[in-house]
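Q: let me see the structure of the following:
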Amino acid sequence: MQKPRGLSKILIVEDEPTLAWILKELLHELGFVEISTAHDLITANAMLNENAPDLAILDVNIGPNPIFPFAEKLRVRQIPIVFSSGHASSSFLPEWITYPILLKPVTKAALVVGLDAVEGDHPLGSADGPAERSGPGQQS
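A: Numbering: from 1, shown residues only. Next up, the predicted model:
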């Protein structure tokens, strides 16, 4: 997979540093260079206001806080979103169910599919359904 066009700045919002590091490494392997990570919502909001990303990969829960209010800020700015979660999309609110969802643990193949869904210029998965992945050992 080539790096999707126009997606040079990636923001990862993930409260587990190891999972954020894994995502960052996978993105580096796919050719992305400018990758920022935020482990809390205060940092994520600051990064959004200082240097808005071209794409955000968001853990659904940052500590006890749901990510959806932050995701709404991205949606208003038309910044593509890919969610990362240990739960199936059935636990999502209807307005978010069509966005790509990477189930943890995130694999390189699942990340490619999620990024391809974004490159296809739709917040939805393919016409066959959401870009949801499943795998053993899923956790939130």
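
Q: which pLDDT value goes with L124?
A: Listed pLDDT for L124 reads 40.

Q: meant to ask about L115
A: According to the predicted model, the pLDDT of L115 comes to 92.

Q: element containing the residue nearest the centre of the chain, please.
A: Averaging the C-alpha coordinates of the chain gives a centre point, and the residue nearest to it by C-alpha atoms, centre = their mean is I57 (2.0 Å). In the assignment (DSSP states H and E), I57 maps to strand 55-59.

Q: which strands or helices does that strand pack on?
A: With contacts defined as 3 or more C-beta pairs under 8 Å, 6 or more residues apart in numbering; DSSP states H and E, strand 55-59 has these neighbours: strand 9-13, helix 68-76, strand 81-85, helix 108-119. (Glycine included, C-beta is placed from N, CA and C.)

Q: buried sites along the second one?
A: In terms of neighbour count (16 or more other C-beta atoms under 10 Å), helix 68-76 has its buried residues at 68, 70-71, 74-75.

Q: could you check the angle it makes with strand 9-13?
A: 160 degrees (axes from the mean of the first three to the mean of the last three C-alpha atoms, to 10 degrees).

Q: over to the longest one?
A: Between helix 108-119 and strand 9-13, the angle comes out at 120 degrees (the same axes, to 10 degrees).

Q: what angle separates helix 108-119 from strand 55-59?
A: Using the same axes, to 10 degrees: helix 108-119 against strand 55-59 is 130 degrees.

Q: what's the spacing between helix 108-119 and its chain's center?
A: Averaging C-alpha coordinates over helix 108-119 and over its chain gives two centres that are 10 Å apart (C-alpha atoms, centre = their mean, to the nearest Å).

Q: now that helix against strand 81-85, angle please.
A: Interaxial angle of helix 108-119 relative to strand 81-85 (the same axes, to 10 degrees): 150 degrees.

Q: for the first one, same thing?
A: Between the axis of strand 9-13 and that of strand 81-85 there is an angle of 30 degrees, by the same axes, to 10 degrees.
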